[in-house]
Structure formats: C-alpha cells, structure tokens
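S.K.: mind folding the following:
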Amino acid sequence: MVRLQKPRAEENGSGGAEQIKRIALHLFAESGVDGVTVRAIAAAAGQKNHGAVGYHFGSKEALVRSIVKDGAVELDRLRHAALDAQEAQGGPRTVRDVVDVLIGAVTALSDDDYVRFITLFGMTHRDLMIEAIEPEWNHAYGRCLAHLRRLMPPMSSALRNQRFVFMGALLSAVLSARARALADRSRHHAMWADEMGLEHFAQVLTAVLEAECDLPDSMAQITDSKRLADHGPMGPMG
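M.R.: Below is the predicted model of the structure:
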C-alpha cells in the first residue's frame, strides 16, 4: 500500500500558540475536549500565565476550532497531492487506488493525536465539528468520492452513499484505534507492529466498497445518507 511521508518535526511550527495547540491536541485526544481545562492546557504547555489560552486564542472553543482546522487543512492537502500524482499517471484506476489515498493521508498526518482527537470530538460534539469544518477543507475527500462513484460496481445513489458512510465510519474507527495502540508504549501491539495490519485493513475497506449489492433502494434514506457521505461521519477523517 502507498504510504505518504510525514513532515519532519522541525517543519512544524514552534512558539507559544503552536506549543499550546500541540499540547491541547494531545490532551484532547486522551481525555476529550470536555475533560481538559484551559488551566490544565496552559500548565502542560509550560505557560506560567494560566490565561495563555485566552491570550492566544480568545477562548477554549476558538482553540478547538483552530486545531480542527489545522488537521483538516493538512489532510486535505495530503489527499490532493496523492490524487494529483495518481491522476498525472492516468489514475486512479481501481477502488484500491482511492483507498490508498484515503488511508495513506491519515497515517501521514504530522501528529497522530489528530486522528484520535477528531474521532472522539465527532462523537461528542458532532454539531460543533460540522460547524467548524469549512467546505474548502473537504474538497479532496469529494474528489475521492467522485473517483469511487466511477470505479465501484453499479448500484443506486442512495445505496452508494450508504456505502460511503460505512467507509467513513471504518476509516475513523480503525485508524483511531491504530493511533491509540501506537501511542501506548507500555506493551507490544502485534496488529500494528508492521505494515501487514494496515495492508489488511486496506484490503477489507476495498472489499466493502467493491461488494455487489442487490438491496432495494429506499428514497427515505437518500437525504441523510448523502449529507453524511459527502462530509464523512467523523468530519475530515472520512
């Protein structure tokens, strides 16, 4: 499977605001947004002034929005770059090619904590997450869906959109579980110790998208399924 390269640590920004965002992202990924106070963030970031979050961002919600944006923009950029490379060679030619873009961009994010954060945030603050994600940060995901519509077996638009919802949920859940396992250094995690676990997941996700479907269409499901399919059940993750 194609793996995208993570940025080097020195390419990441530094300074008070960036340090606060990195620390807050890690704390949010571990305990959720509601389980972390601005005082705890400032203390963990080494800020003597507990009002540092307010000074740099104005509020905790603004800090959360900034973190959501950073990850969404990076994910969109990685997906665009991978799709551009494939399209320059006449692709994507298969569903698996698109799956590699979807998975590879997430695993190439500069901070693995974002995967865990956005999955948990999407479950606990769905409305705020949807509000925080600007449409322009989701263009590459739309490009992926467009290619999948061309490459998947024939089925109704309603059923295909449901399939995309399943895909997004799998991306969020499995890659978040992988990131959490890799963050745990207390024991060995055999499933993710090498590339085989990720390769198996790519094969499973491809099989989900390529499976023939003979279920009857249901017009009642089109509206909600289309909305979830276009944005992904957990936002920019999928």
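
S.K.: use CA for all of it now, contacts and neighbours both
M.R.: Noted.

S.K.: helices or strands up against the longest helix seen in the chain?
M.R.: Ranked by number of residues, the top helix in the chain under DSSP state H is helix 60-88. Under the contact definition 3 or more Cα pairs under 8 Å, 6 or more residues apart in numbering; DSSP states H and E, helix 60-88 sits against helix 16-31, helix 52-57, helix 95-107, helix 126-132, helix 139-151.

S.K.: let's go with 6 Å and repeat that
M.R.: helix 139-151 (3 or more Cα pairs under 6 Å, 6 or more residues apart in numbering; DSSP states H and E).

S.K.: packing partners of the helix or strand following the helix it packs on?
M.R.: Using DSSP states H and E, the helix or strand that follows helix 139-151 towards the C-terminus is helix 157-183. If contacts are counted by 3+ Cα pairs under 6 Å, 6+ apart, helix 157-183 sits against helix 113-124, helix 222-231.

S.K.: try it again at 8 Å.
M.R.: So helix 157-183, by 3+ Cα pairs under 8 Å, 6+ apart, packs with helix 95-107, helix 113-124, helix 195-210, helix 222-231.

S.K.: list the buried residues for the longest helix of the chain?
M.R.: 60, 63-65, 67-69, 71-83, 86 (16 or more other Cα atoms under 10 Å).

S.K.: what's the weakest-modelled helix or strand in the chain?
M.R.: Within the chain, no helix or strand scores below helix 222-231, which has a mean of 54 by mean pLDDT, DSSP states H and E.

S.K.: sorry, back to before: quick one: mean pLDDT for the longest helix of the chain?
M.R.: Across helix 60-88, the average pLDDT comes to 95.

S.K.: compute the inter-axis angle for it and helix 139-151.
M.R.: 40 degrees (axes from the mean of the first three to the mean of the last three Cα atoms, to 10 degrees).

S.K.: what angle separates helix 60-88 from helix 113-124?
M.R.: Using the same axes, to 10 degrees, helix 60-88 lies at 120 degrees relative to helix 113-124.

S.K.: quick check: residue 139 vs residue 73, distance?
M.R.: The spacing between residue 139 and residue 73, counted by Cα to Cα, to the nearest Å, is 10 Å.

S.K.: could you list the low-confidence segments of this protein?
M.R.: Residue ranges of the chain with pLDDT under 70: 1-15, 215-238.

S.K.: care to break it down by domain?
M.R.: Domain segmentation of the chain under automatic domain parsing yields 12-58, 68-237.

S.K.: now render the helices and strands packed on helix 157-183 as JSON lines, adding distance to residue 22 and mean neighbour count.
M.R.: Putting the helices and strands packed on helix 157-183 into JSON lines (distance: least, Cα to Cα, whole Å; neighbours: other Cα atoms under 10 Å) gives the following:
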{"stretch": "helix 95-107", "distance to residue 22": "17", "mean neighbour count": "24"}
{"stretch": "helix 113-124", "distance to residue 22": "9", "mean neighbour count": "22"}
{"stretch": "helix 195-210", "distance to residue 22": "26", "mean neighbour count": "16"}
{"stretch": "helix 222-231", "distance to residue 22": "25", "mean neighbour count": "18"}
